[in-house]
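# Okay, sequence plus prediction incoming.
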Amino acid sequence: GVQTGLFRSPSQARTPLIRALRHRLGQASGPAEEVAGPAGTPNPTPRAVVCRICETSVPAPSLASHTAACTAAARDDAPGAPPGSPARGRRAPSVSDFHILKPISRGAYGRVYLARKKATGDLYALKAMRKADLVRRNATAAARAERDCLAAAACPFVVASYYAFTSAHCVYIVMEYAPGGDLASLLSAVGRLGEPAARAVAADAVLALEFCHAAGVVHRDVKPDNLLVDGKGRVKLADFGLSTAGVADRADAGPVRAAADPPPSRPACVGTPDYLAPELLLGTGHGAAADWWSLGATLFELLTGAPPFAGPTPEAVFGAVLARRIAWPGEGALSGDAVSLIDALLDPDPSTRLGARGAPEVKAHPFFAAVDWAAAAAAGAPPAFVPALAGADDTSYFSAKRVAAASLALDAGGGVEAVAAAVVAAGEGGSEGRSSGGDAARAAADASASDADSVAFSDFSYTNLDTLGAANAALAGLRAEFGGGGGGGAA
């Protein structure tokens, strides 16, 4: 089971969470009016808050009505553009709008940093991907797919996306920050989860995949590293860098083929070997069923502490997958329902695999008999655990990451001169080790790359008005709950 002391119950975590959110209400809003709380303690209720869409100061009671007008104006200012596109006459977001605080993880094609938006004080996860690297790896379409899939799969169980933009040398996607870290880091700390906790985590993952597949998105890289825990303990699917769009979750028995799949004569392996479905490995065409295989492999690891297919090399793991040599633990280590679910998800035939006919058949498995799916879908069911955070910018649940100063300079929007200055200041390239020197050299090369790389990303910028509007609604709701009263109107 989970070691004690790592997590607190939701009620224990609620007080610091409220403090953090109260601080967030007034952080970028100027002086706050002090109003006595129930016990005579100061209860800050700001006179004004910053609208997350237009980033202007708005009287707090008017935020809801302002949000509706602001969203409509932004969309009307860009006729013919898709919802969320930057409106004409409005400055597109840029990396200079953010303070990059610290690295937190690496994605399929870039680094992820904790960043604070200067205008609002809000914390985000900012993913930086080098244009030159994406072009070199023929991955420009992957960056676009991640941006588009995150927007298409918007739901409480997928990390929210807010912005996408470019600098001279990088492209960026700005997402929700989930301070509880990823499940891979959790497993490295606690070994494995007990069945009730694993069930709660898997239920959130099932709902995430149900939303994604209904939106025509196949993730293709479901694994513990890409399942994040937010501040309330909710598990969210992240890193859509290997995703494809154009697939619907269907009720027929046949496999659903991803629109972006290569023909069978051109095998293409995507994903992580330990969680890779056989059809992905063989390049025979794949669809939503590939994600259910990966969920089965992930659930196995949550319960046992190790992936189901073992091998000293990727090739050996591939062989174990194709031969379906599952490294089952000893008798009695897993419940019969857990074994049954994993076995059905790890069916090598995607047409008969559990989930081939849609998420409802996965949700109906006896392993999930105790799950109230309606409550879980509303994000109201109690989570398995809530991270104990020292503050809103706590990154202790992520494994420590080091980034060379030169790489950070480039990811922060700098060019050749900034990278060179960072190399000199940090003494990178020798005294800090081979890894740091290699990162610095790659950063210098990417900073010197041709501007031709920018052509592929000329229309990459994006502002998600829906999620920013939801952020406004959350602030208005928080104000009403903690001292602000009514007056905000309907969102």
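Received it, and whenever you're ready, just let me know what you need. Residues are numbered from 1 along each chain as shown.
# tally of neighbours for residue 229?
Residue 229: 26 surrounding residues under other C-beta atoms under 10 Å. In this view, the C-beta of every residue, glycine as well, is placed from N, C-alpha and C.
# nope, residue 357 is what I meant
For residue 357, using other C-beta under 10 Å, the count is 18.
# That one in helix, strand or coil?
Recorded secondary structure, residue 357: coil (DSSP: H, G, I helix; E, B strand; the rest coil).
# Roughly how far does it sit from residue 364?
11 Å (C-beta to C-beta, to the nearest Å).
# Tell me which residues of the helix or strand that contains residue 71 come out buried.
Taking DSSP states H and E as the criterion, residue 71 maps to helix 63-76. Within helix 63-76, the residues that count as buried by 16 or more other C-beta atoms under 10 Å are 63-67, 70-71, 74-75.
# Tabulate those (a markdown table), appending distance to residue 280.
Below are those laid out as a markdown table (distance: C-beta to C-beta, whole Å):
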| residue | distance to residue 280 |
| --- | --- |
| 63 | 46 |
| 64 | 45 |
| 65 | 49 |
| 66 | 47 |
| 67 | 42 |
| 70 | 43 |
| 71 | 39 |
| 74 | 39 |
| 75 | 38 |
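# Kindly provide the whole-number mean pLDDT of the helix holding residue 71.
Averaging pLDDT along helix 63-76 gives 83.
# Show me what it packs onto, helices and strands only.
Counting contacts by 3 or more C-beta pairs under 8 Å, 6 or more residues apart in numbering; DSSP states H and E, helix 63-76 is packed against helix 465-479.
# Just name whatever secondary elements the helix it packs on is in contact with.
Partner elements for helix 465-479 (3+ C-beta pairs under 8 Å, 6+ apart): helix 10-27, helix 63-76, strand 161-166.
# in it, what's buried?
Applying 16+ other C-beta under 10 Å to helix 465-479 flags 465-473, 475-476, 478-479 as buried.
# just the CA coordinates of that helix, formatted as CSV?
Output in CSV follows, covering the C-alpha atoms of helix 465-479 (Å, rounded to 0.1, in the frame of the first residue of the first chain):
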residue,chain,number,x,y,z
LEU,A,465,-10.6,31.1,-24.4
ASP,A,466,-12.7,28.3,-22.9
THR,A,467,-10.2,27.3,-20.3
LEU,A,468,-9.3,31.0,-19.5
GLY,A,469,-13.1,31.6,-19.1
ALA,A,470,-13.3,28.6,-16.8
ALA,A,471,-10.4,30.1,-14.7
ASN,A,472,-12.4,33.3,-14.3
ALA,A,473,-15.5,31.3,-13.3
ALA,A,474,-13.4,29.5,-10.7
LEU,A,475,-12.2,32.8,-9.2
ALA,A,476,-15.7,34.1,-9.1
GLY,A,477,-16.9,31.0,-7.4
LEU,A,478,-14.1,31.1,-4.9
ARG,A,479,-14.9,34.7,-4.1
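# All the strands of the stretch 351-491 of the chain, in order from the start?
Using DSSP state E, counting those that start in this stretch, the strands found in the stretch 351-491 of the chain span residues 386-387, 462-463.
# how many other residues sit next to residue 351?
14.
# Begin at 234 from now on, thanks
Right, with 234 as the first residue, what we last looked at is residue 584.
# show me where the stretch 334-483 of the chain has helices.
Applying DSSP state H, counting those that start in this stretch to the stretch 334-483 of the chain gives helices spanning 364-369, 373-385, 416-423, 428-447.
# Now render these as CSV, adding mean pLDDT.
Below are these laid out as CSV (pLDDT from 0 to 100):
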stretch, mean pLDDT
helix 364-369, 88
helix 373-385, 88
helix 416-423, 91
helix 428-447, 95
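# what's near enough to touch residue 395?
357, 407-409, 696-697, 700-701 (C-beta atoms under 8 Å, 6 or more residues apart in numbering).
# what's the distance between residue 536 and residue 629?
Residue 536 sits 25 Å away from residue 629, going by C-beta to C-beta.
# follow-up on the earlier one: residue 530: which of the buried residues of helix 296-309 is nearest?
residue 304 (40.7 Å; C-beta to C-beta).
# doesn't residue 698 make contact with the closest one?
Yes - counting by C-beta atoms under 8 Å, residue 698 is a contact partner of residue 304 at 5.2 Å.
# shared neighbours of the two, anything?
Common neighbours of residue 304 and residue 698 (C-beta under 8 Å, 6+ apart) are residue 286.
# Now stretch 554-574: buried residues?
554, 559, 567, 571-572, 574.
# Distance from it to the middle of the chain?
29 Å (C-alpha atoms, centre = their mean, to the nearest Å).
# Repeat that for stretch 396-403.
18 Å.
# what about it, how long is it end to end?
In stretch 396-403, first residue to last residue: 14 Å (C-alpha to C-alpha, to the nearest Å).
# Give the closest residue to residue 289 in space, chain neighbours not counted.
Using C-beta to C-beta, 6 or more residues apart in numbering and skipping the chain neighbours, the partner closest in space to residue 289 is residue 283 (7.1 Å).
# likewise residue 470?
Per C-beta to C-beta, 6+ apart, closest to residue 470 is residue 441, 4.0 Å.
# From residue 535, how far out is that neighbour?
15 Å.
# Residue 349: which of the buried residues of helix 698-712 is nearest?
Among the buried residues of helix 698-712, and counting by C-beta to C-beta, the member closest to residue 349 is residue 704, at 14.4 Å.
# Which residues are in contact with that closest one?
Residue 704 touches 285, 355, counting by C-beta under 8 Å, 6+ apart.
# Let's see the pLDDT reported for it.
89.
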